[in-house]
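**Student:** Sequence and computational prediction follow.
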Amino acid sequence: MIAADPERVIATARSWLGTPYHDQASVRGAGCDCLGLVRGVWRELYGPEPMPISPYSRDWGETGTREPLAEAARVVMLEIPMADLTPSALLLFRMRTGAVAKHCGIATTPDRFIHAYERSGVVEVPLDAGWRRRLAFVFLFPSAS
């Protein structure tokens, strides 16, 4: 699998900046959550989403051992080692130790990423030590060709 053009992925993700936070939504400028951001970027890059997303509760990732976000990403994206994080990569985070990865964002530089956060909407922020400590999986968007 060949990776997508990083500049195109990043430009698409940045076009969502300022979108308000809205749980389970995925509409640029109107509202999205972190998964909705990734879903919207996917649709703009490739067209229809590759699989349906079931409704989910806010606490869906607090229990269990399966990694549903990582499992879904593995079907359509290229998983890479966390040490190889590169701009345009999809980042999956564990919000607490022992929990499944349930938050996501898109790297824009080696030290920044875009994500949808409940209090802030879609923002570009530093990928600081706190976020790096939570990083669980890294994937590359595939080439559209």
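**Tutor:** Sure, I can see it. Numbers count the residues shown, from 1 in each chain.
**Student:** helix or strand right after the longest strand along the chain?
**Tutor:** Scanning the chain for the longest strand, with DSSP state E as the assignment, gives strand 101-109. Next in sequence after strand 101-109, counting helices and strands by DSSP states H and E, comes strand 112-117.
**Student:** how about the strands of the chain, start to end?
**Tutor:** Under DSSP E, the chain gives strands at 26-27, 31-32, 78-80, 90-94, 101-109, 112-117, 121-126, 135-140.
**Student:** Please state the mean pLDDT value computed over the longest strand of the chain.
**Tutor:** Throughout strand 101-109, pLDDT has a mean value of 96.
**Student:** Pull the residues that contact it.
**Tutor:** With Cβ atoms under 8 Å, 6 or more residues apart in numbering as the test, strand 101-109 has contacts from 9-10, 13-14, 34-35, 37-38, 41, 60-61, 67, 69-70, 85-95, 113-115, 124, 127, 134, 136-137. The C-beta positions use only the backbone N, C-alpha and C, and glycine is treated the same way.
**Student:** In this structure Phe139 contacts Glu79, no?
**Tutor:** Yes: judged on Cβ atoms under 8 Å, Phe139 makes contact with Glu79 at a distance of 5.3 Å.
**Student:** Comparing the two, which shows the higher neighbour count?
**Tutor:** Phe139 (21 against 15; other Cβ atoms under 10 Å).
**Student:** Would you mind writing the CA trace of stretch 87-96 as CSV?
**Tutor:** Output in CSV follows, covering the C-alpha atoms of stretch 87-96 (Å, rounded to 0.1, in the frame of the first residue of the first chain):
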residue,chain,number,x,y,z
PRO,A,87,3.1,14.6,8.9
SER,A,88,-0.4,13.5,7.6
ALA,A,89,-0.4,10.4,9.8
LEU,A,90,-3.6,9.3,11.6
LEU,A,91,-2.9,9.2,15.3
LEU,A,92,-4.8,7.1,17.8
PHE,A,93,-4.6,7.9,21.5
ARG,A,94,-5.5,6.2,24.8
MET,A,95,-7.1,8.8,27.0
ARG,A,96,-6.1,6.9,30.1
